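# Build me a model from this:
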Amino acid sequence: MWNENVSVFPNAKAPKPPATKINRANLPRRAKNFSKDQLLSAMRKKKECNAKAQHIVETLIEPGRTEEQFLVMLPDINVCHMEDIIQERAIVKLCGYPLCDNELKNIPKQQYAISVTRNKVYDITERKNFCSGECFKSSNYVKQQMLTSPLWLRDQEDIPTFRLLNGRQIVKQTDTDVKEPLELAQTLLSNLKIVERTYNEQETAEKLKENPKIEDDVPTVEVPTKRFDAEEEQSAIERA
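Numbering: from 1, shown residues only. Alright, predicted model coming up:
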């Protein structure tokens, strides 16, 4: 009679499923001392953070984003996500800077551009993903501020205040009211005061008799301004 309990393994020792093993060698330094439960919780949080970052990437690829939305999303993504956003927008012929919805036109086919004034050769591979040198500088300005730490460890460090090239930033409020980010120019202009000075009749007559100094003929010295490499690249691209 056939025995249904016959095992194909000697001594009836079937292989056991492998236990959950975590390689601590590849973990960040601050996470190497975590307990097993803490690491498992961190791994679940890692999946949630990656899913949130992916959603942000998909959102910023689409046009119509505002400065406030962009600044709020920046702490939850890394530089690699920002580069994905730039590449994906360039594929659909949109400027790589998420706050610019201009269409990419007259994209150079060559990889390099020559600057005659500086006698340099520039690699314009990244520059071709933007509609202008201003957007290229604005994107790099944001990328320089972005954190390099893992997303799932962001709650254990201080998040910087992200700024845009035009001065916009997120301002933390102590109350529950949500206010728009401030312009640096607005904060400076608010400190200006108008002082009105009055004179009596005698002082007014004396002021009118004074010969005003004509300063229009005073020669002015032009101060050379520093030109950014992005502007040189822009002119080189236009000449290409």
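# how about the lengthiest helix in the chain: buried residues?
Counting residues, the longest helix found in the chain (DSSP state H) is helix 36-61. For helix 36-61, the neighbour count (16 or more other Cβ atoms under 10 Å) marks 39, 42, 45, 49, 53, 56-57, 60-61 as buried. (C-beta placed from N, C-alpha, C; glycine too.)
# Could you do stretch 156-163 as well?
Result for stretch 156-163 [16+ other Cβ under 10 Å]: buried residues 162-163.
# Can you find the helix or strand in this structure with the smallest mean pLDDT?
Lowest by mean pLDDT, DSSP states H and E among the helices and strands of the chain is helix 184-189, with a mean of 41.
# pLDDT weak spots in the protein?
1-34, 167-240 (pLDDT under 70).
# now the strands for it?
For the chain, the strands defined by DSSP state E cover 112-115, 120-123.
# Tabulate the ones you listed (JSON lines), appending mean neighbour count and distance to P150.
Putting the strands of the chain into JSON lines (neighbours: other Cβ atoms under 10 Å; distance: least, Cβ to Cβ, whole Å) gives the following:
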{"stretch": "strand 112-115", "mean neighbour count": "16", "distance to P150": "36"}
{"stretch": "strand 120-123", "mean neighbour count": "13", "distance to P150": "30"}
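# Can I get those in TSV including distance to I159?
Listed next are these as TSV, based on distance: least, Cβ to Cβ, whole Å:
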stretch	distance to I159
strand 112-115	37
strand 120-123	32
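# Out of those strands, flag the one nearest V79.
Evaluated over these, closeness to V79 peaks at strand 120-123, with 18.4 Å, by Cβ to Cβ.
# Quick one: list the elements packing against the closest one.
Contact partners of strand 120-123 among helices and strands, from 3 or more Cβ pairs under 8 Å, 6 or more residues apart in numbering; DSSP states H and E: strand 112-115, helix 229-239.
# What ranges does this protein have for its helices?
Taking DSSP H as the criterion, the chain carries its helices at 36-61, 67-73, 79-91, 133-143, 184-189, 201-209, 229-239.
# any idea how far Y112 is from the residue nearest to P98 when sequence neighbours are not counted?
Nearest non-adjacent residue to P98, counting by Cβ to Cβ, 6 or more residues apart in numbering: L60, 4.4 Å away. Going from L60 to Y112 by Cβ to Cβ, to the nearest Å gives 29 Å.
# again with L153
Per Cβ to Cβ, L153 is found 39 Å from Y112.
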